[in-house]
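K.L.:
pasting a predicted model and its sequence here:
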Amino acid sequence: MSAQEVAALLARASHDEALALIERYATDPRTQVQRAIRSAKRRLAKEETERRRVEGMYELQRSLGGDGLVMGVDEVGRGALAGPLTVCAVILPQEPKIWGIDDSKRLSPARRLELAKRIREQACAIGTCHVEATSIDAVGMSVALRVAMAGAIEDAGVEPDCVLIDGRAVHAHPKERALVRGDSRIAAIAAASIVAKVTRDKMMVDYDVKYAGYHLASCKGYGSAEHIRAIQEHGLTPLHRTSFCKNFMDT
């Protein structure tokens, strides 16, 4: 093969294929081939580091949750001015692992969509619960969060042996265990954060059509400058949390 063809093969090869190609062409004297080999080695090293990170998430999950049904629970929308508080609960099998899984905030929108699809395909159980703005105003965020987490756990349709949640204890389930930064340390919590984020983001994009002018598709209901100006100019919609928006309405 030409040097260009070898370089192209190395660039698109899977992990095992790349290893075989590197061994095969290790002594090839062509400059382009050696440059491609160095690039492939850097890529493989990065992939190995990423695989160890994800394996660590599964290992910690098993260490904390045991060998039974370990459920990860996370929320999105807690600090938004508009839209629901959304909680997702996920149980993942130990195998196959979902490579690339991470806290949803550390992923691009495209990557979240890709991973959410894989999570839905591989998860043992998924549950979701939304608490709307009027209920958040009525009971406050602490109660709303507990209700939403309990609802998502119930919606999953199975009784977990352990419930791992991100942050501090919410007391939504008797087998709950809380872990600071759990969404970046536990596979099932990360999965829950991704599915919750993708689910809520789609809702806010859909709401943007009904409530045009509030920039909901871009801000997802959070307090962007454009969103706050829209509230001041046009008032609140049924999506808005009145208790969160009082300061903006008084200006």
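P.N.:
Nice, thanks for sending it over. Residues are numbered from 1 along each chain as shown.

K.L.:
residue most distant from the centroid, the chain?
P.N.:
Pro29 (45.0 Å; Cα atoms, centre = their mean).

K.L.:
what ranges do the strands span in the stretch 151-251 of the chain?
P.N.:
162-166, 176-179 (DSSP state E, counting those that start in this stretch).

K.L.:
show the pLDDT at His251.
P.N.:
Not quite, residue 251 is Thr, not His. pLDDT, Thr251: 46.

K.L.:
and what of Val198?
P.N.:
pLDDT, read off for Val198, is 98.

K.L.:
list the buried residues for the helix or strand encompassing Ala150?
P.N.:
Per DSSP states H and E: Ala150 is located in helix 141-155. Residues 141, 144-153 are the ones in helix 141-155 that count as buried (16 or more other Cβ atoms under 10 Å). All C-beta spots, glycine's among them, are computed from the backbone N, C-alpha and C.

K.L.:
follow-up on the earlier one: please identify the deepest-packed of the strands of the stretch 151-251 of the chain.
P.N.:
Among the strands of the stretch 151-251 of the chain, ranked by average contacts under mean count of other Cβ atoms under 10 Å, first place goes to strand 162-166 (a mean of 24).

K.L.:
and this protein, what are its domains?
P.N.:
Following automatic domain parsing, one finds the domains of the chain at 3-64, 67-249.

K.L.:
what sits closest to the residue sitting nearest the centre point of the chain if chain neighbours are left out?
P.N.:
In the chain, the centroid-proximal residue (Cα atoms, centre = their mean) is Ile194; its distance is 2.0 Å. Among residues not flanking Ile194 along the chain, Ser104 sits closest, at 4.6 Å (Cβ to Cβ, 6 or more residues apart in numbering).

K.L.:
correct me, but the one you found touches Ile119?
P.N.:
No. Applying Cβ atoms under 8 Å, one finds Ser104 not in contact with Ile119, separated by 10.9 Å.
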